[in-house]
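Participant: Need the 3D shape of this:
(chains A and B)
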Amino acid sequence: MVATQAPTEERVWQLLEEVSDPEVPVLSILDLGIVRKVQVQDQAVTVTITPTYSGCPAMNTIATDIRLRLLAEGITQVTIHNQLSPAWTTDWMSQAGREKLEAYGIAPPVDGTATGHLLNLFGQDTAVRCPLCKSEHTHLVSQFGSTACKAFYQCDDCHEPFDYFKCHS
Amino acid sequence: MQVAPSDTTALSAYSPEVRQHLFQYVLQLADTSLILGHRLSEWCGHGPILEQDLAMANIALDLLGETRSFYQYAAELEGKGRTEDDLAFLRVATEYRNPLLVEQPNGDFAATVVRQFLFDTFHFHFLQQLQTSSDERLAAIAEKSWKEAAYHLKWSSEWIIRLGDGTDESRQRLNKALANLWRYSGELTTPTATEQALQTLGIIPEYTRFQEAMTAHVAKVFAEATVPVPQETYMQRGGKEGRHSEHLGYILTELQYMQRTYPGMTW
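Facilitator: As a prediction, this is how the structure comes out:
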C-alpha cells in the first residue's frame, strides 16, 4: 500500500494508539505516556519517545513496532528520536491506562509516592490496592519486580502475589 | 537497533581540549556503570533468594541503560566513527576508566552489598548535582538515572542495616566486607586531572559540594546498622586513570569474548 497523500499528525497519533507496550500488551504506548511529540513534514514523520527506565529493553522493540505500524499505512520516512529530558513520569500515564492496568492484574501507580520518599529507610510501604480482590491490605515483597518499572507485592487477604507499577515522578 | 538520541549539546562549542577531557570523563562514567552492572549480572541465578536475585538483575539493568546513554554520548564526543559497542567491547583494560571499587569481586552477599552501598551513596548524590551541569546531555542523563539510583541506594542501605543489625554471622560478614572494601571508597570523590578541569568549567559538580550529604547518609545507615563507621583513611586509587586491579582483565575477557572471537557479529 502506498500513501497517496501526506499523512496528517492526527492520523499518526491514531496509528500510535494501536502500538502496544511489548511487556504490558494491554497498554498502548500513548496510555504509557512515552510518546512526547509527533512532527510531520511532507512525507517525513518524526516521533519522539522517552524511555520509562534507562535500561528498558522494550525501547528497541517499541521503535520497531512504531516503524512497522506506520509502514503498513505507507509511511516510509520515519525518524524516531529518543529523548531523556524531561524524564518520564507516571503522571503521564493516562487514566484509561491505569484502569486497563488494574483490569489486567497489575496495580497502577499510586501518585505522590516517588523518589523523595525513597530514602525513608524501612519506612511504611506504599498502600497499594490488590488488583484482584481490591483489598488495601497488601505488603511489599520487593522493590524490584518482573520488569524495571514494577515492584512486587502480595495481598494479605486473598494472598495473591501481584505486580505494582511503581510511581515515578 | 539503536534509537538516535535527540538531546543535543552543541558539541562544537567546546574547544578540542575540553572535548577530549569530556570524552575521557564520559567514558569513565560509562565504564563505571558497565563494570558494576556486569558484576551484578554475575549474581543472576545465584542470588540468596529469588527476590534479591531479581533486585540485583534489575539494578544491573538500570546501570546498563545508563551505560548506553554515556557510551553513545562518548562516541559522539570522540567523533571518529566509533560506536557505543566499539567502546564497550573493543578497548583493553588499561583504557578503561572505572574506579577500582566497581571491579572488585562479588564475594559473598555482604561484600556485594557493601560495594553497592559505597557506590550508590556516591552515585545518588553525584547524579543529583549533575542535573545542573552546563552540559545539557549530561544533565538529561543524570535526571533520568538519578530516579533509578534512589531505588538502588534504598536497597543497599536497607541491606547494610539488616546485615549489621542481624545475626552474629551477618554482622561478622558485613564487617569483613567493610574491612576489604572501604579503602576503595575514596577514589570516587578524589578528582583526577580530567575531573578537575571539568569541575573548573562547571561541567561537572565539585565533589566537595555533596561530601557532607554523603557522610551524613553513611553515618545514619551505620548507626541504624549498629556498626561503627570505618576510620581507615588510607585509600586505593588508580582505576580512573587506567591502573586497574587484576580483576578487570578477567571481567573484560568474559564481557568482550563474543566480539573478540567473532569481530563485528550482530544478533
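Participant: okay, CA-based contacts and neighbour counts for the rest of this
Facilitator: Fine.
Participant: ok, A:R98 - contacts?
Facilitator: A:P108, A:P109 (Cα atoms under 8 Å, 6 or more residues apart in numbering or on different chains).
Participant: does it sit in a helix, a strand or a coil?
Facilitator: Three-state assignment for A:R98 (DSSP: H, G, I helix; E, B strand; the rest coil): helix.
Participant: which one is residue 158 nearest to, not counting chain neighbours?
Facilitator: You didn't say which chain, so I picked chain A. Spatially, and ignoring its direct neighbours in sequence, A:C158 is nearest to A:C133 (6.6 Å; Cα to Cα, 6 or more residues apart in numbering or on different chains).
Participant: that's the wrong chain, I wanted chain B
Facilitator: What sits nearest to B:E158 in space, not counting adjacent residues and going by Cα to Cα, 6+ apart, is A:L121, at 6.3 Å.
Participant: was I right about that neighbour contacting B:H152?
Facilitator: No. Counting by Cα atoms under 8 Å, A:L121 does not reach B:H152; the two are 12.0 Å apart.
Participant: so B:L61 makes contact with A:Y53?
Facilitator: No. If you go by Cα under 8 Å, B:L61 and A:Y53 don't touch, sitting 9.2 Å apart.
Participant: Need the residues touching each of the two.
Facilitator: With Cα under 8 Å, 6+ apart, B:L61 and A:Y53 have common neighbours A:A148.
Participant: Does the residue of chain A found nearest chain B lie in a helix or a strand, and which?
Facilitator: In chain A, the residue found nearest to chain B is A:G55; the distance is 3.5 Å by Cα to the nearest Cα. Remark: A:G55 resides in no helix or strand, with elements defined by DSSP states H and E.
Participant: Now do it, the pLDDT please.
Facilitator: Listed pLDDT for A:G55 reads 83.
Participant: Number of residues surrounding the closest residue to it other than its chain neighbours?
Facilitator: Closest residue in space to A:G55, ignoring its immediate chain neighbours: B:G65 at 3.5 Å, by Cα to Cα, 6+ apart. Burial measure for B:G65: 23 neighbouring residues, criterion other Cα atoms under 10 Å in any protein chain shown.
Participant: and if you look at A:R11?
Facilitator: 12.
Participant: outside of the helix or strand harbouring it, which residues touch it?
Facilitator: Using DSSP H and E, A:R11 maps to helix A:9-16. Residues from elsewhere that reach helix A:9-16 (Cα under 8 Å, 6+ apart): A:S28, A:I29, A:L30, A:V38, A:Q39, A:V40, A:I66, A:R69, A:L70.
Participant: what sits against residue 53?
Facilitator: Chain wasn't specified; assuming chain A. A:A148, A:C149, B:D62, B:G65, B:K144, B:E148.
Participant: Not quite, go with chain B.
Facilitator: Counting by Cα under 8 Å, 6+ apart, B:D53 touches B:W43, B:C44, B:G45, B:H46, B:G47.
Participant: starting at the chain centroid, how far to the one helix or strand it maps to?
Facilitator: Taking DSSP H and E as the criterion, B:D53 maps to helix B:50-78. Distance of helix B:50-78 from the chain centroid (Cα atoms, centre = their mean, to the nearest Å) equals 9 Å.
Participant: Tell me where the model's unsure across chain B.
Facilitator: The model of chain B has pLDDT under 70 over residues B:1-10.
Participant: in it, what residue is nearest chain A?
Facilitator: Closest point on chain B to chain A, by Cα to the nearest Cα, is B:G65, at 3.5 Å.
Participant: What is the burial count for the residue nearest to B:E158?
Facilitator: By other Cα under 10 Å, 15 other residues sit near A:L121.
Participant: How about the contacts made by the closest residue to B:L153 other than its chain neighbours?
Facilitator: Leaving aside its chain neighbours, B:L153 sits nearest to B:D120 (5.1 Å; criterion: Cα to Cα, 6+ apart). Counting by Cα under 8 Å, 6+ apart, B:D120 makes contact with B:A149, B:H152, B:L153, B:S156.
Participant: Pick the one among those closest to A:V128.
Facilitator: A:V128 lies nearest to B:H152 out of these, by Cα to Cα, at 21.0 Å.
Participant: what's near enough to touch the closest one?
Facilitator: B:I59, B:D120.
Participant: after the helix or strand it falls within, next one along is what?
Facilitator: Element membership for B:H152, per DSSP H and E: helix B:136-164. Heading C-terminal from helix B:136-164, the first helix or strand you meet, by DSSP H and E, is helix B:168-181.
Participant: count of neighbours near the residue of chain A closest to chain B?
Facilitator: Other residues near A:G55 come to 22 when the count uses other Cα under 10 Å.
Participant: quick one: contacts of the helix or strand hosting A:F162?
Facilitator: Taking DSSP H and E as the criterion, A:F162 maps to strand A:161-165. For strand A:161-165, contacts defined as Cα under 8 Å, 6+ apart pick out A:105-109, A:128, A:130-131, A:145-146, A:149-155.
Participant: That concludes my questions; thank you for your assistance.
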